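**Q** what's the 3D shape of this:
(chains A, B, C and D, ligands or ions: 4)
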Amino acid sequence: QEYSADNPMTVALVVHGTLGDKSFFDSAAAGLVRAEADLPVDVTVIEAGNDRGRWEPALADAADQGFDVVIAGTWEMNGFMQELSGEFSDTKFIIFDDTPDFSGGAFPNIMALTYRVSTAAYLAGYAAASVSETGKLGEIFGVEGATILEFAVGFEQGARAANPDIEIVRAVAGTFTDPAKGKEIALAMFDQGVDVVFPIAGGTGIGALQAARDEGHLAVGVDSDQAAIFAPTDPEQAAVILTSVEKKIGDSLYTALEMTLAGDAPYGTTQLLGLSEGAVGISMNEQYETLVPEDVRAAITDLEAQIAAGDIAVDSTM
Amino acid sequence: MTDLLEVVFSATFLITVIRASTPLLFATLGGLISDLGGALNVALEGMMLIAALTAVVVSVYAPWYVGVVAGMGAGAALGAIMALFHLRYKADVILVGFAVNILAAGGTVFALSLATGGDKGTSINLQSKAIPSIDIPAFEGIPVLNFFTGHSALSWLAALSVAGIWYFLYRTPRGMWLRGVGEYPAAPEAAGIGVNAVRAWSLVASGALAGLGGAQLAMFNYIGFTRDMTAGRGFIALGAVLLGARHPVGAMLAALLFGLFEALSIVMPGIFSWIPGELVQTIPFVVTLLALILFSYRTQRAERTLS
Amino acid sequence: MTDPILKATGITRIYPGGTVANDGVNLTVRPGEVHAVVGENGAGKSTLMKVLFGLEKPDAGSLTVNGQKVDFTGPKDAIEAGIGMVFQHFSLVPSFSVYENVVLGSEPAKGISFDRAKAIATVRELSQKFRLTVDPLPAVRRLPVGQQQRVEILKALYRDAQILILDEPTAVLAPQEVEELFTAIRALTAQGRTVIFIAHKLPEVLEISDRITVMRGGKTVGEVETKDVDESSLAAMMVGREVSLRVDRAATTGERALEVKNLRLVAGNGVTLADDLTLNVHHGEILGLVGVEGNGQAELLEAIAGLRPVAGGSLTLQGTPLDELTVLERRDRGLASIPEDRIAQGLATGASVAENLAATRLDDPRFVRRGILNLKGIRDNAVALIDRFSIRVGGPDVDVGTLSGGNMQKVVVARELSEQPQILLVNQPTRGVDLGATQFIWKSITDARDGGAAVLLSSADLQELLALSDRLVVFYRGRIVAAFVNHAELTSETLGAYMLGIETQTPEAMAGAMR
Amino acid sequence: MSSIRPASALTEVTRVLLAVAIALAVAFLIVLATSEEPIKAFRTFLTAPFSSNRTRGLWIDDVAKLTLTGLAFSLVFQARQFALGVQGQVYVGGLAASFIALSPIGVTPLSIPLGMLVAMCAGSVWGFIPGYAKARFGASEIVSSLMLNYIAIRVVNWVIRAHLAPPGSGQLNSPDFPDASVLPAIIQGTRFDLGIVVALVMTGLVWFVLYRTVWGLKLRLVGHNPTFAEGAGIRANVVMISTMTVSGAIGGLLGAVYVQGRAFGRIAIDFDGNLAFEGILIAIVAKSRPLAVPVVALAYGYLRQGAQLMGLRTDVPTEILGVVQALIILLVASSFTLPGRAFIARLMGRKPEVAR
Ligand SMILES: Nc1ncnc2c1ncn2[C@@H]1O[C@H](COP(=O)(O)OP(=O)(O)OP(=O)(O)O)[C@@H](O)[C@H]1O
Ligand SMILES: Nc1ncnc2c1ncn2[C@@H]1O[C@H](COP(=O)(O)OP(=O)(O)OP(=O)(O)O)[C@@H](O)[C@H]1O
Ligand SMILES: [Mg+2]
Ligand SMILES: [Mg+2]
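**A** Numbers count the residues shown, from 1 in each chain, chains lettered A, B, ... in the order given. Ligands and ions are numbered 1, 2, ... in the order given. You can find the predicted model right below:
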């Protein structure tokens, strides 16, 4: 089928939560907005909200409404998508951050995008441990979920690579929506000697970033280039984010739509995207250059190459 | 264990306790005022939430104190709405309170998305302001005295409010009216006091205080608004009212107790990493429950003693 | 003839629900007089007073005070016009002190603070001036009823009331206290104040008032000079017919039914409510419990009913110790109870008449089989009782809360007396109930007695006690201070002296009346 | 509380309909002011739930759940208790049912009934605690039941994450239940499952228990006047505790219907989506009458589903439903016809109406 500006491909992104997390979903939505501007696609973002009971209906509703491509993310939506893919065999589905089991030619209309995010987190962990003066890092989790731990294992491995004696404390906030709590946790961590925090906790994590700003400590951003997000409105906040572990969901979705339009998208397979594909990485921005010393940056560039080449095996939960 | 003790007795921990207690204390005082007037205010949660959003949005365009006053005003307005439905239209005050909570849960997200242009999670693309902390450099580093520096301006206001409310309740005529209305409304009614007016004002004051709590939460504890950011604090405050034996000083002690446990639940994961996070998070609620039972038991006995 | 200080013309008040409580009522009160308003229950007296005090807005009619037409929107306006009111039910904040209650609403202030010293001094001064002795400092809930009433009057005087409305002030007082109240009323009128006085006891009305307005069925049926009427002519005006409230006393009494020995009742804090109570009640007699409210009679009844723990001594029912039995087990043994407050204790308003009539017998196979309700049985029972006790009600399924007070009381009486009880506890059976219903309830109680019930009767109305009881015991401060076998010469004055602790019987005299 | 006033059924229904109409009108005004496509949005709101088998299934699934929570609240409200613990009971009940489903019994036909039974037991324990705390210590059931909700949610979430989720997956839900542990669908491929039957049976049961058994009569008498009930030989405390316990069992059952239902068929963290609380609204509008509960749930479930589909398909956020809910509660709970009544009752010497 040929799509054109007059007859665009209709695409729905089903967000199982809401936009405004400044990381995960916003990144996906931003990629699609870019796609809408550049490509003959018509994008609708559907926010399913935080009620788990509504996620499956939201996805089904999108399929039901006849969108050409339906996109959703993570293991939370994976199962629902697998169930729907049979009923809506003419619809194309893209799942990011998780994959179904394609063996035996199952799910020919699903394309999975997964990210070796631990590789990027490795680099961030290396940077964080290198700039830490106290030798103590803190991680704040929204919940102890798979996607969250994928960041943590890489981050911790990288940190140890930089400083074998590094001490890392973990805390679980139990929520992605309580920034006050994230802030308190970070403040408590700073009080216990932590000087770099890595919040992987959505809105809760934003509170932790704010604590770093207020206390003059450092933080590592997550999912998107969070320094860039804050720079226009809150430069002080941006100035303490030494780098971010980016999962370039938006970019990868853009590419996936491009391929779909061109007709060469590998539906029925998993795309494992890592450092070499540019789908994950750390933000090498102005703040990074200021906060991370020259020699560490050089070492990181080196490590990046080694990981890409497979010389360093980075842990993964997947 | 020694780690825990070390942390607990540090000045920063005490400051954390004060910070965590301040929103609770305001809400508790709010609950106290309306409870003494005879109306149990279960809407503290919703009032705080709406006040938090109002404070944040207003402080984008105005100085911080205007934001605080706006939050207070939003709470007071909700109190007035409650008064209208409860007193004028005779709706049960608990139901009215729940209506306010439901309105707040949905309405704030709706309003936030309008204010931020579609953001339903947080207000971080709004540049809201913070309540300044009052630092006394001379005290820093001096044991005991360092406890008095670095608190939010509203924490001091909260402490003053405790004294003010105590004075109001037990030393002024209007305070006497309020207590009389709560205890036996027929008496002030017959004395020509507008019972409904007193109740209405108590709800408005209750809302204003809860509003201050919301402002502190969104302009100091965390700077900005996120959905459901009150996270049950309004209900804990309700427990604190009962726990504080319906007295402002008791309310303060109860709020501090909860602040203490909230702060503990924050530092504990760093120290006892083996305890699951979810279980640590139950601490404030378990403490509320146990304290409630204990105090109810004691007041029950005290009341028997009186009759 | 002086100009009236207060004049109500054509007052009509229709309550939501359609009760015409006042129907074109006229009232003229002259300065410095004691003006009594009398009428049966529900005649509309209280409603009229509430209109005078601004608590009810009349649907029609007008009020003038001192020749000025007034239109009250609330008690505040009435107070400003110089009207004070003491309610049938006191309006005092229990935990507040006497002086706080007196000044509540118009407190003396120093700056923004309440000026306690001044309040206390003012209250002292007022109580001396009007001979209403009361200590300003204690909390009112610690005061006896008579003193609480003085606080109420002081409240009105503190607001400089020129016209003082007293709604049934004597109902709760012992005869001696009534005398004290009358002294105070005379002191008031001597100083130029006017008093409007409502009472059901006609001798009192005749003693204290100068003029009387009689109401019936929401209308004024006449205004007379007190000196021109006597008790029977007044009663005839009120009721519209002759009434007699005579009952026959029991000639014989049977077995001992209930033994109370050295009973001690204690509040939760250890304060003694009653001590060393010893008395017996026999089948076929009515034992009257005399005493000012709050002297332990009600607590004794509660203890017998099983609603209050016993701290010492014993209660024995036909030889069985009562203290191990639950409320239900006591009821199964034939205990029945007509409690003091029908709405608070006697009924489940909101449930139907039929459900209320069955509520105390939920183990009766007529009503419940294997935990399942027998709706027909419950209904049939109600239909029968409604008929037998002539309860005025639309049907057994009507919500009991919509009945009039007298009919509510009949529901309670019907339930408790539907089966012949062995022990009957009765507290204030006719409070707020009119003559017709009173007659019926008295008859029901004496019928139960004649059927063999041992009856304990407590009432604030001494006439009621004297009319019904075979024997009487007097309570004072939780102890029994006197006992009498009822006889024609026994007067309420005699009883009153014991009730107030002015006199105490010798143990021998008491033993004579203690069977 | 509700249902004190004797008002004819007809005026009651009129009042509720008026309240709903006003609430919808306000919602429409808000949509008009904020949406780019107000007409489409509002049409979606009002028609979408009935548009397909799938959406009808969603609607009926909600109705089943709303009915159960409405019943649980009605029961405690009839006894004049303000216990708000249904949410916590849903969690412990859901967890209990999941244990059965994930055990070897899970593949047998026994799984569903046994799961429901165990869930009811768990829920009743959770209902018993505030009841006992109130009867024995006088602890406010409002506060204690809310605290128990928070505790249940967190503890259950922990069990799911740490013990039920497939090890190492980092997922926040259990594996899917075996088919024998999932309620059969009544309309294939939709959420229209056995849950609605369970809810309707429960409605009949609650009605029967309340109006046809002696326990129900005692419960209502205690609700009307506990002092009187004591004097009549009914042990009010026992009734109070048992009421909260039974209501807890219904809450637990709802938990089972949640996890066994076609919507889930497994247990996940935070699974109730705050629906349990909406039972308060159902109970209020139904005046705590069990037979009215499913009717109210049917109508309210429709609005709820409409709001959600509007949230998915248009630019109007689902959260507008909060405004509609709040208005309905306010308007239904208010009395516009009898102002000043409580005040008169007070002066007539009736007990002053205490706030609760
Ligand atoms: N608030 C009310 N609502 C409806 N009806 C009422 C109300 N108050 C009183 N009534 C009714 O109005 C009538 C007059 O009552 P009112 O209290 O004035 O009588 P009363 O003469 O004072 O009687 P009592 O001697 O018993 O005090 C009665 O039928 C009563 O039931
Ligand atoms: N507080 C009240 N609210 C509403 N209606 C009331 C109230 N009090 C009384 N009524 C109604 O007023 C009417 C008259 O009451 P009232 O007590 O005068 O009855 P009654 O005709 O004198 O009967 P009885 O002789 O049994 O007292 C009754 O129908 C009663 O339902
Ligand atoms: Mg009457
Ligand atoms: Mg009267």
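
**Q** Just the element for the residue nearest the centre of chain D, please.
**A** Centroid-nearest residue in chain D: D:Thr69, 2.0 Å away (criterion: C-alpha atoms, centre = their mean). Element membership of D:Thr69, judged by DSSP states H and E, is helix D:53-78.

**Q** And C:Val178, by the same measure?
**A** Using DSSP H and E, C:Val178 sits within helix C:175-190.

**Q** So is the helix or strand following that helix next to chain B?
**A** Sequence order places strand C:194-198 as the next helix or strand after helix C:175-190, per DSSP H and E. No. Using C-beta under 8 Å from any C-beta of the partner chain, strand C:194-198 stays clear of chain B, coming no nearer than 15.8 Å. (C-beta placed from N, C-alpha, C; glycine too.)

**Q** Name the nearest residue to C:Val51, sequence neighbours excluded.
**A** C:Pro58 (5.0 Å; C-beta to C-beta, 6 or more residues apart in numbering or on different chains).

**Q** Doesn't that neighbour belong to a strand?
**A** No. Counting by DSSP: H, G, I helix; E, B strand; the rest coil, C:Pro58 is not part of a strand but coil.

**Q** Tell me the backbone dihedrals of it, please.
**A** phi -70, psi 150 (degrees, to the nearest 10).

**Q** how many neighbours does it have?
**A** By other C-beta atoms under 10 Å in any protein chain shown, 22 other residues sit near C:Pro58.

**Q** And residue 59, what's its pLDDT?
**A** Just going to use chain A. The per-residue pLDDT reported for A:Leu59 equals 93.

**Q** I was thinking of chain C, sorry if that wasn't clear
**A** Looking at C:Asp59, its pLDDT stands at 91.

**Q** Wait, it touches C:Ile14, no?
**A** Yes. Using C-beta atoms under 8 Å, C:Asp59 is in contact with C:Ile14, at 5.4 Å.

**Q** Identify the residues contacting the residue nearest to A:Val194 when sequence neighbours are not counted.
**A** Spatial nearest neighbour of A:Val194, chain neighbours left out: A:Gly138 (4.0 Å); criterion: C-beta to C-beta, 6+ apart. Contacts for A:Gly138 were tallied using C-beta atoms under 8 Å, 6 or more residues apart in numbering or on different chains; they are A:Ile168, A:Val169, A:Arg170, A:Ala171, A:Ala186, A:Met189, A:Phe190, A:Val194, A:Val196, A:Val197, A:Phe198, B:Gly270.

**Q** if you set the cut-off to 10 Å instead, what comes out?
**A** Counting by C-beta atoms under 10 Å, 6 or more residues apart in numbering or on different chains, A:Gly138 touches A:128, A:167-171, A:185-186, A:188-190, A:192-199, A:208, A:212, A:217, A:219, B:270.

**Q** do the same with A:Ala201
**A** A:21, A:23, A:139-143, A:148, A:171-179, A:181-182, A:185, A:207-208, A:222.

**Q** Surely B:Lys119 touches B:Val57?
**A** One thing to correct before we go on: residue B:119 is Asp, not Lys. No. B:Asp119 lies out of contact with B:Val57 (C-beta atoms under 10 Å); the separation is 12.0 Å.

**Q** who touches both of the two?
**A** With C-beta under 10 Å, 6+ apart, B:Asp119 and B:Val57 have common neighbours B:Leu112, B:Leu126, B:Phe225.

**Q** what's the spacing between the second one and B:Leu53?
**A** To tie it back to what came earlier, the one meant is B:Leu126. From B:Leu126 over to B:Leu53 the distance is 10 Å, taken as C-beta to C-beta, to the nearest Å.

**Q** Ok, the last one next?
**A** With distances taken as C-beta to C-beta, B:Phe225 is found 5 Å from B:Leu53.

**Q** before we move on, the earlier item: helices and strands around the helix holding C:Val178, which ones?
**A** The contact analysis (3 or more C-beta pairs under 10 Å, 6 or more residues apart in numbering or on different chains; DSSP states H and E) places helix C:175-190 against strand C:34-38, helix C:116-129, helix C:145-158, strand C:163-167, strand C:194-198, helix C:202-208, helix C:492-499.

**Q** ok, is the first one in contact with chain D or not?
**A** Okay, so that is strand C:34-38. No. Using C-beta under 10 Å from any C-beta of the partner chain, strand C:34-38 stays clear of chain D, with a minimum separation of 17.5 Å.
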